[in-house]
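Asks: Attaching a predicted model along with its sequence, questions to come.
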Amino acid sequence: MLISLIVVVLVLLVLVTASVRLVQQYERGVVLRFGRLLPEIRQPGLRLLVPFADRMAKLSVQTVVLDVPSQSTITRDNVTIGVDAVVYFRVHDPVRAVINVQNYLQATSQVAQTSLRSVIGRADLDTLLSDRNRINGELKDVIDAPTEEWGISIDRVEIKDISLPEGMRRSMSRQAEAERDRRARVIHADGELQASTKLSQAAAAMGETPGALQLRLLQTVADVASEKNSTLVMPFPVELLRFLERSGDPVPTTTAGPAPFSAAEPDDPAGLGTTATPDTPSNGAAVPSPGTDLRDQGER
């Protein structure tokens with residue numbers, strides 16, 4: 001009797017162990033009885049099953065982070081790039097995740113890889129670099145279409161990195177430098193235009209007051225002299241010359257015109273005008289003879 005009692009207790013323990021299952025809070029249980037699906041989904045807690053008849057599959061309903069490996073693809077503008085992404089999804093229907101697909105994790109990973117290559121192939125490089133939100137939304141819709149039948153809900157898809165060829169990186173760097181240089185030149189030209197307008201207005205204002213130019217000159221000299229490492233050469237001010245010209249008496253000046261041109265004479269075969277003799281210059285003044293005393297002429 002004791003042996004029989006021990007055997008019965010052991011059998012009961014085996015049956016209880018085979019019939020009791022623990023379902024965690026983040027899990028849901030799908031029960032198959034003799035291979036047929038039971039409509040009721042087991043909720044978290046201790047659940048009893050029919051020993052050796054029921055088989056329960058537990059699925060996590062947490063959000064799964066799936067890392068999509070880098071995919072080498074060609075964009076629409078024929079640029080070869082490598083793109084890797086990350087997919088956030090969760091199981092919202094455990095029954096379809098068990099019945100409709102063999103391994104939903106592997107299936108979702110393969111769909112994400114093929115969809116990533118497909119979406120990147122339909123976009124050009126500039127769109128990938130500047131409008132990632134639209135690419136992420138399109139990629140989410142493409143992945144969510146087949147996984148919806150598997151009871152998988154795609155929460156979010158993000159492109160992590162885009163690896164470009166080295167030559168393309170250098171070209172984009174030169175393009176960015178050229179764009180920055182163009183903007184700097186435009187800003188510099190705009191500044192020169194505004195400065196020229198202000199300088200013309202300042203020149204007009206200084207032209208109305210003659211002393212303003214002299215004051216501006218003295219201010220420039222003071223600015224240069226503050227460094228104390230240069231030699232200053234002060235030009236003679238033009239205003240002072242004008243002042244002296246206005247204040248002084250005008251000095252009469254005579255201008256000598258050219259000698260009249262006469263017709264050619266017989267003794268002047270070249271036709272250069274009157275011929276001057278050794279004692280008479282061409283302007284009519286008397287030339288002293290070699291023996292004449294110049295002091296006597298001065299006294300006379």
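Replies: Happy to help now that I have it. Keep in mind it's a predicted model, so treat the numbers as computed, not measured.

Asks: can you map out the strands along the chain?
Replies: Listed in chain order, the strands of the chain (DSSP state E) span 20-23, 27-33, 36-42, 45-48, 54-60, 64-74, 80-91, 152-163.

Asks: low pLDDT regions in this protein?
Replies: By pLDDT under 70, the low-scoring segments of the chain are 210, 230, 232-241, 243-244, 247-300.

Asks: Determine the longest helix present in it.
Replies: helix 166-208 (DSSP state H).

Asks: Tabulate the strands of the chain in a markdown table, adding columns for distance to residue 214 and mean neighbour count.
Replies: C-beta here means a position set from N, CA and C on the backbone, and glycine is covered the same way. Below are these laid out as a markdown table (distance: least, C-beta to C-beta, whole Å; neighbours: other C-beta atoms under 10 Å):
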| stretch | distance to residue 214 | mean neighbour count |
| --- | --- | --- |
| strand 20-23 | 99 | 14 |
| strand 27-33 | 95 | 18 |
| strand 36-42 | 99 | 12 |
| strand 45-48 | 101 | 12 |
| strand 54-60 | 90 | 16 |
| strand 64-74 | 73 | 15 |
| strand 80-91 | 68 | 19 |
| strand 152-163 | 66 | 16 |
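
Asks: Mind putting the ones you listed into CSV with distance to residue 12?
Replies: Shown next, in CSV, are these (distance: least, C-beta to C-beta, whole Å):
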stretch, distance to residue 12
strand 20-23, 12
strand 27-33, 21
strand 36-42, 23
strand 45-48, 14
strand 54-60, 18
strand 64-74, 39
strand 80-91, 35
strand 152-163, 41
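
Asks: returning to what we had before: and the longest helix of the chain, what does it pack onto?
Replies: Under the contact criterion of 3 or more C-beta pairs under 8 Å, 6 or more residues apart in numbering; DSSP states H and E, helix 166-208 touches helix 210-225.

Asks: Restrict the helix it packs on to CA atoms and write it as CSV.
Replies: Extracted in CSV, the C-alpha atoms of helix 210-225 (Å, rounded to 0.1, in the frame of the first residue of the first chain):
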residue,chain,number,x,y,z
PRO,A,210,36.5,122.8,-47.1
GLY,A,211,37.8,122.3,-43.6
ALA,A,212,36.2,118.9,-43.3
LEU,A,213,38.9,117.3,-45.6
GLN,A,214,41.7,118.7,-43.4
LEU,A,215,40.0,117.4,-40.3
ARG,A,216,39.6,114.0,-41.8
LEU,A,217,43.3,114.1,-42.8
LEU,A,218,44.3,114.9,-39.2
GLN,A,219,42.1,112.1,-37.9
THR,A,220,43.7,109.6,-40.2
VAL,A,221,47.2,110.8,-39.1
ALA,A,222,46.1,110.4,-35.4
ASP,A,223,44.9,106.9,-36.1
VAL,A,224,48.1,105.9,-37.8
ALA,A,225,50.3,107.5,-35.2
